Structures are given as C-alpha cells and as structure tokens.
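Asker: okay, sequence plus prediction incoming.
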Amino acid sequence: MSAGSNIDWLLHIYFARKDFMRCKMLIDQELYKHLNPEYLYFVKGLIDREEGNHIEAMHNLQKAIELNSRNVETYKEIGKTLFIMGRFNQALNVFREAEELSPRPDHEIYHYIGSLLHRSSSASNQLEVARQEAAEAKMYFQKAVQCGKKLESFQRLAEIYRKEKEYGKAIEVLENCLLIAPENTAVLTEIGVLYLKVNETQKAFDRLLEVINIDGKCSKGLLAFGAILQSRNDVDGALSKYREVAITEPDNAELWNNIGLCFFKKQKYILAISSLRKSIWLSPINYNALYNLSLIYIAGK
C-alpha cells in the first residue's frame with residue numbers, strides 16, 4: 001500500500017503485532033484528517049475480519065476500493081472475506097477481477113481461483129460443467145505452484161493428480177513441495193503412501209522412516225510404515241507400530257483390518273476375527289475387512 005502520511009508505518013507495526021486495540025484507536029483518531037484514508041479503511045477491514053465482523057470488514061474494504069479501484073491487494077482481501085462468508089461465486093468473480101488487474105503473476109490469486117473452481121466442480125450436477133471447472137482448477141493450481149511457494153497449492157494439485165491416478169505426477173509435485181517444507185510430516189507421509197501405490201516399496205519405506213524420526217506419534221505415517229513391515233513379514237514389528245496408532249486413533253477401521261491380518265498370519269484366529277469384526281463395526285462397508293474375514297472363516301474350516 002502507498003503511504004499517505006507518516007502514521008501508516010506505525011499502523012502496520014501495530015497490525016503485524018495483532019495489537020488491534022491500538023490499531024483501532026489510531027484509525028479512529030486519524031481517519032478523517034488522513035491524507036490517504038485508503039490504507040486506514042484497508043487495515044480496519046482486516047481487523048474486522050480477524051474479529052469475525054465480516055459484514056463490517058466488507059464495508060471498510062469496499063470503501064478502500066472506492067478510493068483506489070485498481071489496488072489488487074484490496075480485491076484479494078475482499079475475495080478472501082467472501083470466501084470465509086461462504087459466498088463462493090462472488091469470491092470467484094472478485095479474484096478473477098484481481099487477476100485481470102494484477103500486473104504480474106500472483107500465486108495467491110491463482111490458488112484461490114483454483115480452490116473455488118475445484119469446490120464448484122465437486123458440487124456441480126452437470127457433468128460437462130464439472131469437468132471443465134475441474135480442468136481449469138488444475139490449470140490454476142499448476143500456475144500457483146510455478147510462481148509461488150504456498151504449501152497448500154502443492155498439496156491440492158497433488159490431490160487432483162492422485163484422484164486422476166497420475167501417481168507419478170503427484171509424487172513429483174510433493175517432492176518439489178519438500179523444497180519449501182522439508183520436515184512436513186503430512187507431505188512426507190503422502191509421498192510414502194503414493195510410492196506404495198506405484199510399488200516403490202523401498203522409497204516408501206525411506207520417506208515413512210523420515211516421518212517417524214521427525215514425529216514418532218504421526219498416526220498416518222505409523223500405519224503406512226506398519227503396512228510395509230507387514231508386507232515384509234515382520235509381523236511383530238508391524239503390530240508394535242499399530243499399537244502406537246491405537247493409542248491415538250482407536251477407531252480407525254483400516255488399523256483393525258491390518259491388525260486382524262497380522263494375527264491371522266500368526267495363526268491367532270480368534271484375535272484375527274475379533275479385530276476384523278471391529279474394523280467392520282467401525283466401517284460396515286469396508287470391503288477389505290469383509291473379504292479378509294471371509295478368508296479366515298474359510299481357512300478355519
């Protein structure tokens with residue numbers, strides 16, 4: 001924002017410190033004598049949004065737009081506020097306006113347009129419209145990761161590739177994401193799971209081992225790591241990981257399915273049946289657990 005007087009820097013410092021009380025006092029004191037009230041209205045709108053006063057936030061941000069109709073940052077904040085309010089179509093229109101006004105590629109604008117189009121495609125009843133919006137959403141997320149470092153953009157693009165079963169592309173996106181957040185356990189775990197889908201077991205093992213070394217209580221990482229141990233016939237090692245998961249996520253249907261298979265391998269049929277029944281009770285349409293339970297009953301005969 002262009003500074004209209006020497007109090008703008010002070011207002012910015014108060015806002016960055018989340019000292020909203022002093023911000024509001026300064027705005028009320030200076031608003032009507034300030035040479036550039038645009039910035040005051042802008043900050044006032046951000047404070048209102050932080051405090052949950054979305055209507056008032058929109059009112060002040062609109063005043064800032066009236067004073068400078070070409071300020072891309074204000075359009076972005078209006079779009080974010082509309083997004084929070086659940087007014088998604090209006091938010092999309094505002095971000096498209098911001099895209100037209102922006103003199104350079106803006107990863108934040110691309111990310112929000114992608115998110116809004118992705119949401120719209122998921123909710124659409126018209127198949128062709130949904131496909132077009134989904135394709136456009138993917139294009140905007142690709143733009144976002146090319147020109148910015150917003151972690152969520154990488155994750156959303158990888159999620160789209162995963163749904164399309166383009167696992168190699170999803171892995172590539174998330175591996176690039178690690179350049180931004182090398183110790184992000186959610187990203188590392190997702191990479192490990194994707195490597196399992198393409199039968200790259202050793203690479204999956206290495207990534208999941210990183211997860212456990214960073215956060216020994218990461219349930220998803222422990223579960224996937226246990227599955228690898230189980231596939232290598234290290235049943236006791238797998239069960240030790242599953243016990244750790246059960247402490248924090250005792251109602252995980254996939255967990256009890258895997259535990260059941262471990263007990264089946266150890267020929268502890270009653271424990272295996274009990275575990276698989278628990279998995280089915282937690283998720284009645286869990287076809288994996290239903291199939292595995294039927295195998296145990298057949299084996300028992």
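Answerer: Yes, it's here.

Asker: low-scoring stretches of the stretch 151-300 of the chain, by residue?
Answerer: 300 (pLDDT under 70).

Asker: how many neighbours does Pro37 have?
Answerer: Using other C-beta atoms under 10 Å, Pro37 has 19 neighbouring residues. (Glycine included, C-beta is placed from N, CA and C.)

Asker: tell me the contacts of the residue lying closest to it once chain neighbours are set aside?
Answerer: Spatially, and ignoring its direct neighbours in sequence, Pro37 is nearest to Leu31 (5.8 Å; C-beta to C-beta, 6 or more residues apart in numbering). With contact set as C-beta atoms under 8 Å, 6 or more residues apart in numbering, Leu31 has these partners: 37, 40-41.

Asker: could you do Asn60 as well?
Answerer: 41-42, 44-45, 48.

Asker: mind redoing it with 10 Å?
Answerer: 27, 40-49, 53, 77 (C-beta atoms under 10 Å, 6 or more residues apart in numbering).

Asker: what's the pLDDT at it?
Answerer: As predicted, Asn60 sits at a pLDDT of 94.

Asker: same check, this time on Lys24
Answerer: What the model reports for Lys24 is a pLDDT of 84.

Asker: relative to His12, how far out is it?
Answerer: Computed as C-beta to C-beta, to the nearest Å, the Lys24 to His12 distance reads 14 Å.

Asker: helices along the stretch 151-300 of the chain, start to end?
Answerer: 151-163, 167-177, 185-197, 201-214, 219-231, 235-248, 253-265, 269-282, 287-300 (DSSP state H, counting those that start in this stretch).

Asker: and Ser279, how far is that from Asn233?
Answerer: Computed as C-beta to C-beta, the Ser279 to Asn233 distance reads 21 Å.

Asker: higher neighbour count, those two?
Answerer: The neighbour count for Ser279 versus Asn233, taken as other C-beta under 10 Å, is higher for Ser279 (25 against 9).

Asker: got a markdown table for the contacts of Leu31, with pLDDT too?
Answerer: Converted to a markdown table, those look like this (pLDDT from 0 to 100):
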| residue | pLDDT |
| --- | --- |
| Pro37 | 83 |
| Leu40 | 87 |
| Tyr41 | 91 |
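
Asker: what sits against the closest residue in space to Arg156 that isn't next to it in sequence?
Answerer: What sits nearest to Arg156 in space, not counting adjacent residues and going by C-beta to C-beta, 6+ apart, is Phe141, at 5.4 Å. Contact analysis of Phe141 by C-beta under 10 Å, 6+ apart lists 107, 110-111, 113-115, 117-118, 150, 152-161, 173.

Asker: Leu271 too?
Answerer: Contact partners of Leu271, counting by C-beta under 10 Å, 6+ apart, are 259-260, 262-264.

Asker: swap in 7 Å and give it another go.
Answerer: Going by C-beta atoms under 7 Å, 6 or more residues apart in numbering, Leu271 touches Phe263.

Asker: for the longest helix seen in the chain, what is the average pLDDT?
Answerer: Taking DSSP state H as the criterion, the chain has its longest helix at helix 127-147. Across helix 127-147, pLDDT averages out at 93.

Asker: how far does that helix sit from the chain's center?
Answerer: 16 Å (C-alpha atoms, centre = their mean, to the nearest Å).

Asker: buried ones in that helix?
Answerer: Buried residues in helix 127-147, counted by 16 or more other C-beta atoms under 10 Å: 133-134, 136-138, 140-141, 143-145.

Asker: wait, which of those is closest to Leu295?
Answerer: Ala134 (38.0 Å; C-beta to C-beta).

Asker: name the nearest residue to that closest one, ignoring sequence neighbours.
Answerer: Of all residues not flanking Ala134 in the chain, Ser121 sits nearest, at 4.1 Å (C-beta to C-beta, 6+ apart).

Asker: the one you found reaches Ala137, doesn't it?
Answerer: Yes. Here Ser121 reaches Ala137: they are 6.2 Å apart, a contact under C-beta atoms under 7 Å.
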